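Peer 1: Predicted model follows, preceded by the sequence.
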Amino acid sequence: MSHRTKVWIALGTVYLIWGSTYLGIKLAGETIPPMFAVGTRFVAAGLLMALFTVWRRGGGVFRLSRAAVGSCILIGALLPGANAILFVAERHVPTGLAALIIGAVPLWIVLMRTLTGDRPPRVALLAVVVGFCGLAILVRPSGGAPLWALLLCVCSSVMWATGSFLSGRLPLPEDVFAATSLEMLAGGAILLPIGLATTSPHPADFSARSIVGWIYLVTFGSLVGYTAYVWLLDNAPLGTVATYAYVNPVVAIALGAIVLGESLTWSIVVGAVLVLACVALVIRQEFPSRTSEPGLAEHAKPVPMTEGP
């Protein structure tokens, strides 16, 4: 198998798996309390990834400084926290619409870079302005989605962007799998007690498809998808890898329509075109297709737990 074929297989894996996690969240949250579902998801995924990391790299990768552990805890509070908010929001917001709002993460990151003294290209700044206009069109009560739930999606997107922004500026572990497993465990350790204290989960009440959705999120969403992504960072141009940011929402929309029968309104279509076009423009400006400098990886990081975010 040629290297090019391997790259496209890995890229297709990231597209499909991270695009389908929105559906997994929707299904898992149907009968499993959101905070309990997301807390158990990240504890389980974090343990599995930690075991995988020790098997592949040895236990030495977890000998970390206090600063690195503290950074993992902070990022773990932001990224799984954003996922927890999305779990709650998706009980009331169609998966495709939620994915589009989360898809604006690269726009928020450019805004954060600008506010902290960085100077992104002017074209990227213009794309942010236009993209936020598209986001404003999306965040309008439509299709039965209440405004508060749509704003929760925006909050999740901002938290996701903040976690991704800080991950390139904090002293994280050098091994990305060790860092991610600790972030997942930290997020799960924070969210699981909250889920247990605020709800009374009864496994007998969990439907079969909610359980399947939860298992899918733990295994494929958190482990397989992220492994493919990390491989891509080492074997493909960042401009190619970063395309997941605007392909995943398209996959989520398609799966929402096919599996859940979700419909699209004209306002969603217009907002989607504006947001995704601007995200694509930002990515093209930030990561030229032939660029592969490691220094740019900090801006390409998704939410490994992710969806992608």
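Peer 2: Nice, I can see it. Please read all numbers here as calculations on a predicted model, not as lab measurements.

Peer 1: For the longest helix belonging to the chain, which helices and strands make contact with it?
Peer 2: Taking DSSP state H as the criterion, the chain has its longest helix at helix 3-31. Applying 3 or more C-beta pairs under 8 Å, 6 or more residues apart in numbering; DSSP states H and E, one finds that helix 3-31 contacts helix 34-57, helix 66-89, helix 95-102, helix 208-216, helix 225-235, helix 238-241, helix 244-260. Quick note: C-beta positions are derived from backbone N, CA and C, even for glycine.

Peer 1: burial count for residue 51?
Peer 2: 11 (other C-beta atoms under 10 Å).

Peer 1: should've said residue 22
Peer 2: Neighbour number of residue 22 under other C-beta under 10 Å is 31.

Peer 1: what's near enough to touch it?
Peer 2: If you count contacts by C-beta atoms under 8 Å, 6 or more residues apart in numbering, residue 22 has them with 90, 95-96, 98-99, 102, 252, 255-256, 307.

Peer 1: Switch those residues over to CSV; also include pLDDT and neighbour count.
Peer 2: Formatted as CSV, the contacts of residue 22 follow (pLDDT from 0 to 100; neighbours: other C-beta atoms under 10 Å):
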residue, pLDDT, neighbour count
90, 94, 28
95, 93, 26
96, 92, 25
98, 94, 29
99, 94, 31
102, 93, 28
252, 94, 29
255, 94, 22
256, 93, 23
307, 48, 31
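
Peer 1: any weak-confidence spans in the stretch 201-309 of the chain?
Peer 2: In the predicted model of the stretch 201-309 of the chain, residues 287-309 satisfy pLDDT under 70.

Peer 1: about what we covered before: for residue 186, find the nearest of the helices and strands packed on helix 3-31.
Peer 2: Among the helices and strands packed on helix 3-31, the nearest to residue 186 by C-beta to C-beta is helix 66-89 (3.0 Å).

Peer 1: before we move on, the earlier item: quick one: closest of the helices and strands packed on helix 3-31 to residue 115.
Peer 2: Here helix 66-89 is closest among the helices and strands packed on helix 3-31 (C-beta to C-beta), at 17.0 Å.

Peer 1: tell me the average confidence for the closest one?
Peer 2: The pLDDT scores in helix 66-89 average 92.
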